[in-house]
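Undergrad: Below are the sequence and a predicted model; questions follow.
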Amino acid sequence: MTNRAIRKPILLSLNENRSLAMGLLTVLIAGMAWLNWAQPLPPRWTWCWTAVLLLGAIMVMGGAVNGRLNGVLIDSRNRVSLSKFQMLVWTVLVLSALCVGAAWNIKHGLVPIGPDRKPGGGALDIAIPVQLLFAMGISAGSFVAVPSLLQLKANQATSEQALASAEARLDLRPGEADPTGRVFKFAKPELASWTDIFLGDDVGNAGAADLSKVQQFAITVLIVGIYVGSIWAMLGALGPRDAFSSLPPLSEGFVSLMAISHASYLAYKVVPQEAGEGDATRVHDPRLDAVG
């Protein structure tokens, strides 16, 4: 017996009632504004709750789009996208820290001090290290490049046998797979699953683990985890008269590692993936517990 049955998204009502979605979005944004203006909590916890509220607002947007908690991560293939996930993580992390830092400076009447020991341009003059900009640029580059690279395969034919094999590996019913050329797609966003982050994009490897994605995900979690610790330490060291003048720097070595990982990830997408003996290593992705 299979558990693949599609469950009704818990945020489907937001998709059907856009007014409710806008109301929730307004409440969450107002909550962030009050939290940072009133600052009833230490900076560390203000940042944590700001990130939670920002993530909640993004979830509401996803619910309004296609009735899923992770709706903003579902791409045109009706699959959860790794590149969208990376963009989301960096967006929430950096924007929440900038919001807390700027609010801290405004609330306490502080002006960041530049490297020349002279006052900066105001409470919002917060430096963003170039390494962090490179890291975010790399993620943004992948986000833009992935659809273009997959489009190269959209006009390449695939076999019925390969499609049937993919449907069997993913435990899909007839009509639930809707590929375009070699690019594997689902017919409906309800079929999207978090496991899509780790699975191949071609019909030939749609049900098998994609090592380039696994590596990409692991490196992203590592770098983001370290950066979260850096922000936590910086906010914990803020004194009553200390201005929030800069986001923490990011190691050049980690940025290089990230660049190499993204390069191999994108290069792998260009190569057609055929079903073969390697399919013995299969991932059971029953589209079951569709998140959201």
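TA: All right, it came through fine.
Undergrad: which residues make contact with stretch 266-273 from outside it?
TA: Contact with stretch 266-273 is made by 142, 145-146, 149-150, 152-153, 156, 182, 200-202, 204-205, 210, 212, as judged by C-beta atoms under 8 Å, 6 or more residues apart in numbering. All C-beta spots, glycine's among them, are computed from the backbone N, C-alpha and C.
Undergrad: how about a cut-off of 6 Å?
TA: The list of residues contacting stretch 266-273 from outside it, by C-beta atoms under 6 Å, 6 or more residues apart in numbering, reads 145, 149, 182, 200, 202, 204-205, 212.
Undergrad: Among those residues, which one sits closest to W90?
TA: Checking the contacts of stretch 266-273 against W90 by C-beta to C-beta gives A145 as the nearest, at 16.1 Å.
Undergrad: quick one, what contacts that closest one?
TA: A145 is in contact with L266, counting by C-beta under 6 Å, 6+ apart.
Undergrad: ok, then the element right after the helix or strand that contains it?
TA: Here A145, judged by DSSP states H and E, is contained in helix 130-154. Later in the chain than helix 130-154, the nearest helix or strand by DSSP H and E is helix 160-169.
Undergrad: Return the distance of the helix or strand following that following helix from the chain's centre.
TA: Following helix 160-169 in sequence order, the next helix or strand is helix 211-236 (DSSP H and E). Taking C-alpha atoms, centre = their mean, to the nearest Å, the mean C-alpha location of helix 211-236 is offset from the chain mean by 13 Å.
Undergrad: do the same with stretch 198-214
TA: On C-alpha atoms, centre = their mean, the centre of stretch 198-214 falls 18 Å from that of its chain.
Undergrad: can you offset everything so residue one is 414?
TA: I'll keep to 414 as the first residue from here, and by that count the last item is stretch 611-627.
Undergrad: Endpoints of that stretch, how far apart?
TA: 6 Å (C-alpha to C-alpha, to the nearest Å).
Undergrad: Show me which positions of it end up buried.
TA: Neighbour counts over stretch 611-627 (16 or more other C-beta atoms under 10 Å) mark 611-623, 625-626 as buried.
Undergrad: From A575, how far out is A590?
TA: Counting by C-beta to C-beta, to the nearest Å, the separation of A590 from A575 is 11 Å.
Undergrad: out of those two, which sits in the busier spot?
TA: A575 (22 against 19; other C-beta atoms under 10 Å).
Undergrad: So that one sits against A619, correct?
TA: No - taking C-beta atoms under 6 Å as the definition, A575 is not a contact partner of A619, at 9.0 Å.
Undergrad: From D609, how far off is the residue nearest in space to the middle of the chain?
TA: Central residue of the chain (C-alpha atoms, centre = their mean): F498, 1.7 Å from the mean position. Using C-beta to C-beta, we find F498 at a distance of 10 Å from D609.
Undergrad: count of neighbours near L454?
TA: L454 has 13 nearby residues by other C-beta under 10 Å.
Undergrad: How about the one 3 residues further on?
TA: Under the neighbour criterion other C-beta under 10 Å, R457 is assigned a count of 16.
Undergrad: With V634 instead?
TA: Using other C-beta under 10 Å, V634 is surrounded by 11 other residues.
Undergrad: Next: E665.
TA: Neighbour count for E665, taken as other C-beta under 10 Å: 11.
Undergrad: mind pulling up the phi and psi values for it?
TA: Here is the backbone geometry of E665 (degrees, to the nearest 10): phi -60, psi -30.
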